[in-house]
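In: Fold the following, please.
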Amino acid sequence: MKGAILAVGTSIKDTLQLCKDEEFTSYINLAASNLSLSIIIFGDKDIIEELKFVLTDKKKFYRYLRVDMAYYLQYIEPCLKLYINSL
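Out: Coordinates of the predicted model:
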């Protein structure tokens, strides 16, 4: 499973509504809120690609955050033991 992280110019309220949308539920999550209209969303890469179309339609700013891996539990779980053993 490949993850992706997206910075979005929207509110927490709008983001939580998107996360509950039938198309996105269980596939995207609110990762952080930096400012009132600055949100970080993470999720499955394919679904994040679909989310971009919704954000474009709503005229919302978005930008991918360049990361090698989306470091959220569901994405690191497959290699979690390796990380723990290396400590």
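In: From the centroid of this protein, which residue is nearest?
Out: Geometric centre of the chain, nearest residue: Phe42, 1.4 Å, by Cα atoms, centre = their mean.
In: Quick one: classify that residue as helix, strand or coil.
Out: Under DSSP: H, G, I helix; E, B strand; the rest coil, Phe42 falls in the strand class.
In: pretty sure it contacts Val8?
Out: No. Applying Cβ atoms under 8 Å as the test, Phe42 and Val8 come out as separate, 11.0 Å apart. Using the backbone N, CA and C atoms, a C-beta is placed for each residue, glycine as well.
In: Let me see the backbone angles for Phe53.
Out: Note on Phe53: backbone dihedrals following degrees, to the nearest 10 are phi -70, psi -40.
In: can you map out the strands along the protein?
Out: Applying DSSP state E to the chain gives strands spanning 3-8, 28-35, 38-44, 62-64.
In: Can I get the first one in CSV, CA atoms only?
Out: Same thing as strand 3-8. Only the C-alpha atoms of strand 3-8 are listed here, as CSV (Å, rounded to 0.1, in the frame of the first residue of the first chain):
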residue,chain,number,x,y,z
GLY,A,3,0.6,6.5,0.9
ALA,A,4,0.7,10.1,0.0
ILE,A,5,0.5,13.4,1.9
LEU,A,6,-1.2,16.5,0.7
ALA,A,7,-1.2,20.1,2.0
VAL,A,8,-4.6,21.7,1.5
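In: from the chain's centre, how far out does it sit?
Out: Mean C-alpha position of strand 3-8 versus that of the full chain (Cα atoms, centre = their mean, to the nearest Å) differs by 4 Å.
In: in its sheet, what does that strand sit against?
Out: strand 38-44 (antiparallel), strand 62-64 (antiparallel) (DSSP bridges).
In: so can I have CSV of those strands showing distance to Ile12 and mean pLDDT?
Out: CSV is the format used below for the strands paired with strand 3-8 (distance: least, Cβ to Cβ, whole Å; pLDDT from 0 to 100):
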stretch, distance to Ile12, mean pLDDT
strand 38-44, 7, 89
strand 62-64, 15, 94
